[in-house]
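**Q** predicted model, plus sequence, below.
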Amino acid sequence: MSLETSTQHAHAVLRAAHDASYRYPPDFGGFSAEVDLTDGQQRGHGRIVASSPRAVEVCLPGVSTDLAEWVKQTLASELMHRWPRPYEAGDGRYQLVLEQAPEHPLGDCIRLLDDPFHSSYRVRNGVITLVAREIGDEAFHIITLVREPGPDGRWLPTHYVVVFHDRATGQIRRTSVHEAQYTVVDGVALPERMREVTTSPTGLVVREMRLHNHQRLPRSQGVPAA
């Protein structure tokens, strides 16, 4: 492994990887859809309106608070990762260092030196393969296993794993396996099916939602991600 100290070079690598990841078009204002969901014990049907990463409304009569919150948080995370935002407003704000690792299965490591979450990425063949962050007493790794091209050719992760650790001990707290399928509505890839399987010391939890009758919202109803 060799250390590349040129921040400019590290930014060029990370910017290219970000540009290769699918994002919504600039005029995207969110979407609404009907949703069917289950966790193996209960089933529900309702409607969601997602006008920005911070404005996801769910109407799921008869569904437990935990399951409804999972729908809300999962869709908020999806919008956050796809919302149109210039590179300079995100990771482009930080000082970077690139650790070249041509033999590593997940590729080179890019560390954000002044990011409050101590974030780092792995990049291989021009795409992000791993994201690592620390929040509070917890650290997590997101490892992308499978990706597919979106409607404009940029990549969408369809199978990925999130592993959560205790920051102090490194002990694994829980692991979540995610599967996502998308449908194209008016030229935009929107979630059609999302499944999460989480294992932890308390057991196994499986949740799935299927969305249909999508409708795009006009940009005037959306607000930019903060």
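**A** Looks like it came in fine.

**Q** what segments of the chain are strands?
**A** Taking DSSP state E, the strands of the chain run over residues 2-4, 31-38, 43-52, 55-59, 96-100, 108-112, 120-124, 127-135, 138-149, 155-166, 172-185, 188-200, 203-216.

**Q** rank these by mean pLDDT and give me the bottom one.
**A** Looking at these, the lowest mean pLDDT belongs to strand 2-4 (a mean of 56).

**Q** rewinding a little: could I get the strands of the chain as a markdown table with distance to Glu69?
**A** (Each C-beta comes from the backbone N, C-alpha and C, glycine too.) Formatted as a markdown table, the strands of the chain follow (distance: least, CB to CB, whole Å):
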| stretch | distance to Glu69 |
| --- | --- |
| strand 2-4 | 42 |
| strand 31-38 | 12 |
| strand 43-52 | 12 |
| strand 55-59 | 8 |
| strand 96-100 | 34 |
| strand 108-112 | 29 |
| strand 120-124 | 28 |
| strand 127-135 | 18 |
| strand 138-149 | 18 |
| strand 155-166 | 17 |
| strand 172-185 | 15 |
| strand 188-200 | 13 |
| strand 203-216 | 11 |
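
**Q** which one of the ones you listed lies closest to Arg85?
**A** Closest to Arg85 of the strands of the chain, according to CB to CB: strand 43-52, at 11.4 Å.

**Q** in its sheet, which strands sit next to the closest one, and in what direction?
**A** Sheet pairing of strand 43-52 (DSSP bridges) gives strand 31-38 (antiparallel), strand 55-59 (antiparallel).

**Q** how about residues contacting the longest one?
**A** Contacts made with strand 31-38 from outside it, assessed by CB atoms under 8 Å, 6 or more residues apart in numbering, are listed as 43-50, 58, 60, 63, 67, 71, 185, 188, 190, 207-217.

**Q** identify the residue nearest the geometric centre of the chain.
**A** The centroid of the chain falls nearest to His81 when counting by CA atoms, centre = their mean (4.8 Å).

**Q** residues in contact with it?
**A** Neighbours of His81 in contact, by CB under 8 Å, 6+ apart: Ser21.

**Q** got the contact list for Leu106?
**A** 122, 124, 129-130, 143.

**Q** apply 6 Å and report the result again.
**A** 122, 124, 129-130 (CB atoms under 6 Å, 6 or more residues apart in numbering).
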